[in-house]
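J.: Here is a sequence with its predicted model. Questions after.
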Amino acid sequence: MADRYLAPGWFTRNVFNRAVAGLTRVGLSVWGSRVLAVRGRKTNQWRTTPVNVLSDGGTRYLVAPRGTTQWVRNIRAAGGGELRIGRRIEPITVVELADAEKPAILRAYLKRWRAEVGTFFEGTGPDASDDQLLRIAPDHPVFRVVD
């Protein structure tokens, strides 16, 4: 089975993501946003994208609502990267969660950002059962940020 990936549309790619990334680069976080920088797995050059960093129970997570994106492939290969906001650069290491570990994190992520990313979760919301969240878990990579 191929990895699931939902490509962003023109507006998201050219307006929304650029606006959020621009605000984050100057130090303004939009609902916990950061710019994730990861070395490309083939080029070794820095690649950046805006992400929502979920803090849950004192632990931080990166969730890929669109599935196996380029940043997901790159961070899997690199094992980490940087979270940036303004001039602050935080090197991070990540560990990918197994599907069985994802329901609580996906639920917390949807509670916080459902309005922004809910369409990528096949109608599943924060009030879904663990079984429903387990069903969609393989489609949404989740990484724990290791401090």
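T.: Looks like it came in fine. Keep in mind the model is a prediction, meaning the values are calculated, not measured.
J.: What is whichever helix in the chain runs longest packed up against?
T.: Longest helix in the chain by number of residues (criterion: DSSP state H): helix 103-117. When contacts are defined as 3 or more C-beta pairs under 8 Å, 6 or more residues apart in numbering; DSSP states H and E, helix 103-117 packs onto strand 46-56, strand 59-63, helix 130-136. Backbone N, C-alpha and C define where each C-beta goes, glycine included.
J.: So which bits of it are buried?
T.: Buried positions in helix 103-117, judged by neighbour count with 16 or more other C-beta atoms under 10 Å: Pro103, Ile105, Leu106, Arg107, Ala108, Tyr109, Leu110, Arg112, Trp113, Val117.
J.: Of those, which is the nearest to Arg18?
T.: Val117 (17.4 Å; C-beta to C-beta).
J.: Leu62 reaches Pro50, doesn't it?
T.: No: the pair Leu62 / Pro50 is not scored as a contact, 11.5 Å apart, by C-beta atoms under 8 Å.
J.: Need the residues touching each of the two.
T.: Residues touching both Leu62 and Pro50 (C-beta atoms under 8 Å, 6 or more residues apart in numbering) are Leu36.
J.: Sketch out the low-pLDDT regions of the chain for me.
T.: Counting by pLDDT under 70, the chain contains low-confidence ranges at 1-2, 6-9, 11-17, 20, 24, 26-31.
J.: Measure how buried the residue nearest to Arg135 when sequence neighbours are not counted is and give me the count.
T.: Distances taken as C-beta to C-beta, 6 or more residues apart in numbering place Thr124 nearest to Arg135, at 8.0 Å, with adjacent residues excluded. By other C-beta atoms under 10 Å, 20 other residues sit near Thr124.
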